[in-house]
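Undergrad: here's a sequence, model it:
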Amino acid sequence: MKDGKQVTMGALIRNISIYVFIIILAAGLITLGTILLLRVLGYFPSRAEAPIIYMSTFIVSSAVIGTVISHIVFKRVLSPLDEFKKAISEIERGNFNVSVSQEKVPEIIAELFESFNKMAKELSGTEMFRSDFINSFSHEFKTPIVSIEGFARRLKKENLPEEKRREYIDIIISESKRLTNLSTNILMLNKFENQEFISDRSTFYIDEQIRSCILLLEKQWTKKQLDFDIELEPLEYFGNQEMLSQVWLNIIGNSIKFSGNSTTVTIRAGRKDGRIRISISDQGEGMDEDTLRHIFERFYQGDSAHASEGNGLGLPLVKRIVELCGGSIRVASQKGKGTEFSVFL
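TA: Numbers count the residues shown, from 1 in each chain. Take a look at the predicted model:
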């Protein structure tokens with residue numbers, strides 16, 4: 001965008017210079033024609049008067065004709081800039097829902113206005129995203145804090161049964177963990193979104209990394225008595241090991257979370273046509289089309305009742321990491337038939 005704007009402004013200056021040159025040339029030609037007309041009509045000033053007459057005629061004619069032509073040309077060229085100036089003022093006030101008309105203006109100015117309209121549209125989208133992010137974050141952050149406060153107050157009751165006391169303490173611990181995960185994910189996502197290149201890269205085996213991630217999640221899948229169907233080829237990879245482990249932890253964690261008891265999670269990893277493909281599928285509840293369209297958006301949760309743990313940041317984080325690795329991610333799902341995530345590196 002920056003380079004494009006510089007080219008447009010440079011072209012605008014060149015065009016204005018051409019207009020000025022044409023005006024001066026036109027004024028000079030008309031003045032010369034006037035002098036020749038005077039000579040044809042038989043007006044022959046004396047030698048003493050000739051330079052003064054010719055110079056006066058040239059100056060007056062050039063000034064009058066130049067002023068008239070300049071007014072006509074620059075009114076057409078510069079009058080649309082009044083609207084442009086008003087639009088810029090609106091942007092300064094924080095109103096990004098503005099645009100300038102590209103009709104009936106010179107082509108070079110139309111290009112400038114087009115660039116401005118695109119910029120205003122991008123700023124409007126960014127502002128909307130920022131506002132939505134703040135609202136979502138405030139809601140997600142406030143909910144566990146209110147829960148912690150409420151159960152902490154109940155713990156102050158002296159006649160509270162021991163069983164209830166332990167239950168309330170477990171809830172406070174769970175909500176505190178939820179806050180910690182939320183903060184960690186936001187900081188991590190913000191870090192990766194502002195990052196353009198991967199540092200601290202090394203060579204490691206993705207198949208071994210996936211097995212390690214499964215072991216880290218053992219508590220969750222043993223609780224549901226899940227089975228794993230695993231076929232992993234030895235896959236040597238050069239990248240940031242810590243970053244990529246977040247991808248498998250999030251995707252496998254989601255598969256465990258949304259799988260029914262005593263079902264199977266299937267994991268396949270192999271190389272084809274120079275690309276690595278890792279697929280992770282479950283036999284869970286699946287997702288509808290609307291959920292699939294929003295699955296990688298921040299704070300979005302297909303489970304609107306928030307019956308399961310999560311803050312809607314895991315998959316946006318996964319997508320950003322995969323993009324930084326130069327890869328892509330796809331998801332296929334049917335309601336009631338499970339979900340499959342496929343990562344290509």
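Undergrad: can you pull out the strands in the stretch 151-300 of the chain?
TA: With DSSP state E, counting those that start in this stretch as the criterion, the stretch 151-300 of the chain has strands at 202-205, 227-232, 236-239, 264-272, 275-281.
Undergrad: return the most buried member of those.
TA: strand 275-281 (a mean of 18; mean count of other C-beta atoms under 10 Å). (Glycine included, C-beta is placed from N, CA and C.)
Undergrad: tell me which other helices or strands it touches.
TA: Under the contact criterion of 3 or more C-beta pairs under 8 Å, 6 or more residues apart in numbering; DSSP states H and E, strand 275-281 touches helix 206-216, helix 241-257, strand 264-272, strand 338-344.
Undergrad: domain parsing for this structure?
TA: According to automatic domain parsing, the chain comprises the domains 2-124, 134-193, 202-344.
Undergrad: Throw the helices and strands packed on strand 275-281 into JSON lines and include distance to Gln225, thanks.
TA: Converted to JSON lines, the helices and strands packed on strand 275-281 look like this (distance: least, C-beta to C-beta, whole Å):
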{"stretch": "helix 206-216", "distance to Gln225": "15"}
{"stretch": "helix 241-257", "distance to Gln225": "11"}
{"stretch": "strand 264-272", "distance to Gln225": "11"}
{"stretch": "strand 338-344", "distance to Gln225": "17"}
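Undergrad: wait, which of these is closest to Lys85?
TA: Counting by C-beta to C-beta, Lys85 lies closest to helix 241-257 out of these; the figure is 46.6 Å.
Undergrad: list the buried residues in that closest one.
TA: 241, 243-257 (16 or more other C-beta atoms under 10 Å).
Undergrad: and that helix, what does it pack against?
TA: helix 206-216, helix 218-223, strand 264-272, strand 275-281, helix 314-324, strand 338-344.
Undergrad: which one of the ones you listed lies nearest to Val146?
TA: helix 314-324 (22.8 Å).
Undergrad: now the helix or strand just after the closest one: buried residues?
TA: The helix or strand immediately downstream of helix 314-324 is strand 328-334, counting by DSSP states H and E. By neighbour count on 16+ other C-beta under 10 Å, the buried set for strand 328-334 is Ile329, Val331, Ser333.
Undergrad: any idea which of the residues you listed is closest to Ile278?
TA: Nearest to Ile278 among those, with distances taken as C-beta to C-beta, is Ile329, at 9.7 Å.
Undergrad: give the contact list for the closest one.
TA: Going by C-beta atoms under 8 Å, 6 or more residues apart in numbering, Ile329 touches Val318, Lys319, Val322, Phe341, Ser342, Val343, Phe344.
Undergrad: quick one: the last one and Asn240, what's the gap?
TA: Phe344 is 17 Å from Asn240, where distance means C-beta to C-beta, to the nearest Å.
Undergrad: cool, the fourth one as well?
TA: Here the criterion is C-beta to C-beta. By it, Phe341 lies 20 Å from Asn240.
Undergrad: which of the two has more neighbours?
TA: Phe341 (23 against 17; other C-beta atoms under 10 Å).
Undergrad: partner residues bridging that one?
TA: Ile280, Val331 (DSSP bridges).
Undergrad: thought it was touching Val331?
TA: Yes. Using C-beta atoms under 8 Å, Phe341 makes contact with Val331 at a distance of 5.3 Å.
Undergrad: could you report the neighbour count for Glu92?
TA: When neighbours are counted by other C-beta under 10 Å, Glu92 comes out with 8.
Undergrad: start to end distance for stretch 259-275?
TA: End-to-end distance for stretch 259-275, by C-alpha to C-alpha, to the nearest Å: 29 Å.
Undergrad: what is the mean pLDDT for it?
TA: The average pLDDT within stretch 259-275 is 90.
Undergrad: what residues does that stretch touch?
TA: Outside of stretch 259-275, the residues within contact range by C-beta under 8 Å, 6+ apart are 206-207, 210, 214, 221, 224-233, 235, 252, 255-256, 276-285, 344-345.
Undergrad: which of the domains of the chain comes out lowest on mean pLDDT?
TA: When those are compared on average pLDDT, domain 2-124 comes out lowest at a mean of 66.
Undergrad: distance of the residue lying closest to Leu155 once chain neighbours are set aside relative to Asn181?
TA: Nearest residue to Leu155, sequence neighbours excluded (C-beta to C-beta, 6 or more residues apart in numbering): Tyr168, at 5.5 Å. Noted for Tyr168: a distance of 20 Å to Asn181, by C-beta to C-beta.
Undergrad: these two: who's more crowded?
TA: Just comparing Tyr168 and Asn181: by other C-beta under 10 Å the higher neighbour count belongs to Tyr168, 19 against 16.
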